[in-house]
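Engineer: Here is a sequence together with a model predicted from it:
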Amino acid sequence: MKKFNLGKIENLINSFIYKYNIQNILLAISGGQDSIYLIKILEKLKKQLYYNHLQLSYIYIDHQWKNNSKKQIKHIINYTKLINANIIIYQINKITLSEDECRKYRYNIILQHAIKYEFKLIITGHNSTDKVETCIQNLFKGSGIESLNNLAMKSKIFQKIFVLRPLLKLDRAIIYWSCKTLYLPIWSDSTNYFYKIQRNRIRQELMPYVKQYLHKNIENNIQFLINNYHYQNEYIKQNVIKLYLKSKHDERTAINYTKINKQNFILQIKTIQLFCFHNLQIYLETQKIIKVIKKLNNKAINSSKIVSHGKFNFFIQNNWLYVSTKT
């Protein structure tokens with residue numbers, strides 16, 4: 001089963017390169033088991049005759065969290081030299097332990113690098129364990145259904161730039177033993193044991209406790225839950241788009257709220273959010289949207305401003321919800 005799954009990973013990357021005619025790939029690496037295994041796969045594909053045009057480049061973001069950061073960079077440079085690969089290393093001068101901040105810095109640097117040097121495909125080493133941990137983190141934050149499955153296998157992030165996460169079907173244990181079998185030089189990252197980082201507490205303490213005392217198949221169950229949420233969210237999104245297209249004004253920045261307030265409450269919220277994002281490129285918080293909906297359902301209101309957000313005013317007139325800029 002493991003060999004079959006690993007073969008599917010290679011086929012996935014192979015078919016993606018062929019489908020989108022990928023000429024160059026940027027692989028975001030950490031030196032850990034996931035990225036080292038991906039390097040092995042990509043270098044193997046590159047050596048195949050029909051991929052002699054493929055250009056590979058590796059990018060590493062140093063957050064300078066640990067004392068041995070320089071040693072880790074040296075390890076990565078030595079390995080990429082061994083396989084005759086190109087690597088770019090960025091250092092983040094602002095040292096922080098906030099995972100959210102570091103993620104934003106990291107993704108912004110990788111995207112800007114890809115845009116500047118015209119990379120069409122970015123590959124990351126996220127695995128199924130990462131997906132489960134991200135779902136748990138978002139549950140703690142009280143995120144909506146759309147955020148519980150925010151690690152997609154493939155996505156388009158900027159014009160013609162794709163992100164591919166080919167290891168999302170494999171868990172950390174399978175990847176670890178695959179690296180051992182191939183004698184790959186895995187770097188043991190000490191930051192994985194910094195318990196000030198929430199993800200590490202989930203991985204090192206919460207999940208082992210749940211497996212031991214509550215449910216041993218918790219990861220599989222969460223994966224099943226994520227898949228169900230994905231299809232439910234897709235159904236909601238399709239209905240939101242239909243409702244928005246039926247209710248929007250043909251000429252002005254407005255929607256007919258009488259066509260919206262008869263719908264399911266979540267459809268009302270999502271339709272107004274889509275209206276704001278499509279026309280104003282702003283994300284209106286759920287609590288503010290609920291305030292808007294309550295006023296829309298107040299039959300006594302006929303013409304008035306109902307809420308403000310930044311430089312925009314939302315007001316109603318007759319059956320329409322309008323948006324105007326503040327003067």
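Structural biologist: It's in. Residues are numbered from 1 along each chain as shown.

Engineer: what ranges do the helices span in this structure?
Structural biologist: For the chain, the helices defined by DSSP state H occupy 2-19, 33-47, 69-82, 99-116, 128-140, 172-181, 198-201, 207-213, 218-247, 265-280, 286-296.

Engineer: Figure out which of those is closest to Phe315.
Structural biologist: Minimum separation from Phe315 across those (CB to CB) falls at helix 286-296, 9.9 Å. Every C-beta, even on glycine, is put in place using the N, C-alpha and C of the backbone.

Engineer: packing partners for the closest one?
Structural biologist: helix 265-280, strand 303-309, strand 312-317 (3 or more CB pairs under 8 Å, 6 or more residues apart in numbering; DSSP states H and E).

Engineer: Can you tell me which of these has the worst average pLDDT?
Structural biologist: When the helices and strands packed on helix 286-296 are ranked by mean pLDDT, strand 303-309 comes last with a mean of 70.

Engineer: so how far is that strand off the chain centroid?
Structural biologist: The chain centre lies 34 Å from the centre of strand 303-309; the measure is CA atoms, centre = their mean, to the nearest Å.

Engineer: In terms of secondary structure, what does it contact?
Structural biologist: Using 3+ CB pairs under 8 Å, 6+ apart, the elements in contact with strand 303-309 are helix 286-296, strand 312-317.

Engineer: List the contacts of that strand.
Structural biologist: Outside of strand 303-309, the residues that reach it under the criterion CB atoms under 8 Å, 6 or more residues apart in numbering are 276, 282, 284, 288, 291-292, 295-296, 313-318, 326.

Engineer: just stretch 245-262 next, same as before
Structural biologist: For stretch 245-262, the surrounding residues in contact (CB under 8 Å, 6+ apart) are 243-244, 267-268, 271-272, 275, 279-280, 293, 296-297, 316, 319-323.

Engineer: That stretch: end-to-end distance?
Structural biologist: Its start and end residues considered, stretch 245-262 measures 16 Å (CA to CA, to the nearest Å).

Engineer: Check what pLDDT Ile109 gets.
Structural biologist: According to the prediction, Ile109 has pLDDT 93.

Engineer: which residues touch Lys211?
Structural biologist: With CB under 8 Å, 6+ apart as the criterion, the residues that contact Lys211 are Ile218.

Engineer: For it, give me the pLDDT.
Structural biologist: In the predicted model, Lys211 carries a pLDDT score of 94.

Engineer: picking up where we left off before, columns mean neighbour count on top of the helices and strands packed on strand 303-309, output as JSON lines?
Structural biologist: What follows is these, written out as JSON lines (neighbours: other CB atoms under 10 Å):
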{"stretch": "helix 286-296", "mean neighbour count": "16"}
{"stretch": "strand 312-317", "mean neighbour count": "18"}
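
Engineer: Now tabulate the ones you listed in TSV and tack on distance to Asn14.
Structural biologist: Converted to TSV, the helices and strands packed on strand 303-309 look like this (distance: least, CB to CB, whole Å):
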stretch	distance to Asn14
helix 286-296	42
strand 312-317	47
